[in-house]
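Undergrad: Pasting a predicted model and its sequence here:
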Amino acid sequence: MSGENTFYRHEWEVKGYSSLSSIASASARCDMFMRMGIWVVHPLVHPYVVDFCRALPSKMRANRLLHFLTLARAGLSDGFLLPRYQEHYGNLIQHEASLFDFEKALEGSLVADYGIQDYGPLLSKAYDAGWGGFSYALITGLYEYLKLDAVLKRYVTA
């Protein structure tokens, strides 16, 4: 949101006011809340906040300087501000995928029942990944399939 070129959109992106990175960060934990019946309104995608961030001078937006200075003024240590290792959840996501029962989750899939997409090839790739590891592309494909199936089950059978 405080980065450069926040108005830029790829051709495939949904049109809207907020940048894709803001929407992605806002939705990162929404599933957890929405499963509990809590509709999440994320303050970082509110037009006033977006306009404020876009109005900041380029030097303040570069390399997230505003975030860094705010955390430094709050008294956080150099170890927190300048971490030795970059934050990455990839290993955790791969570990979770290796423990997840995709066959059970895809049982009674409305996506397959309505002829939108057969889950057989996707499930076969998940079986193979049990031996060779899950790629991020496969995890994303499985997640998107399950998400579409959950939406269909919510609205088609309701």
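TA: It's in.

Undergrad: which intervals of the chain have sub-threshold pLDDT?
TA: 1-44, 157-158 (pLDDT under 70).

Undergrad: M60 and F68, how far apart?
TA: 10 Å (CB to CB, to the nearest Å). From N, CA and C alone the C-beta is placed, and that goes for glycine too.

Undergrad: for L123, same thing?
TA: L123 is 44 Å from F68, by CB to CB.

Undergrad: These two: who's more crowded?
TA: More crowded of L123 and F68, by other CB atoms under 10 Å: L123, with 17 against 13.

Undergrad: Could I get the buried residue list for whichever strand or helix holds that one?
TA: For L123, the host element (DSSP states H and E) is helix 120-132. Buried residues in helix 120-132, defined by neighbour count with 16 or more other CB atoms under 10 Å: L122, L123, K125, A126, A129.

Undergrad: Next: stretch 138-151.
TA: L138, I139, L142, Y145, L146, D149.

Undergrad: what's stretch 117-133 in contact with?
TA: For stretch 117-133, contacts defined as CB atoms under 8 Å, 6 or more residues apart in numbering pick out 94, 97-98, 102-103, 106, 109, 111-112, 134-135, 138, 141-142, 145.

Undergrad: with those residues in mind, which one is nearest to P83?
TA: Distance ranking of the contacts of stretch 117-133 against P83, using CB to CB, places Q94 first at 21.1 Å.

Undergrad: Show the secondary-structure elements that the helix ranked longest in the chain is packed against.
TA: Counting residues, the longest helix found in the chain (DSSP state H) is helix 136-156. When contacts are defined as 3 or more CB pairs under 8 Å, 6 or more residues apart in numbering; DSSP states H and E, helix 136-156 packs onto helix 90-99, helix 110-113, helix 120-132.

Undergrad: what's the neighbour count on Y48?
TA: Y48 has 8 nearby residues by other CB under 10 Å.

Undergrad: Look at it and give its secondary structure.
TA: Following DSSP: H, G, I helix; E, B strand; the rest coil, the label given to Y48 is helix.

Undergrad: where does it sit relative to S58, distance-wise?
TA: From Y48 across to S58, the span is 20 Å (CB to CB).

Undergrad: For the helix holding L123, C-alpha coordinates in CSV please.
TA: Output in CSV follows, covering the C-alpha atoms of helix 120-132 (Å, rounded to 0.1, in the frame of the first residue of the first chain):
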residue,chain,number,x,y,z
GLY,A,120,-8.9,-36.8,-10.2
PRO,A,121,-5.8,-35.3,-11.8
LEU,A,122,-5.4,-32.8,-9.0
LEU,A,123,-5.7,-35.5,-6.4
SER,A,124,-3.3,-37.7,-8.3
LYS,A,125,-0.7,-34.9,-8.1
ALA,A,126,-1.4,-34.6,-4.4
TYR,A,127,-0.7,-38.3,-3.9
ASP,A,128,2.6,-38.0,-5.9
ALA,A,129,3.5,-34.9,-3.8
GLY,A,130,3.3,-37.2,-0.7
TRP,A,131,6.6,-38.7,-1.9
GLY,A,132,8.3,-35.8,-3.7
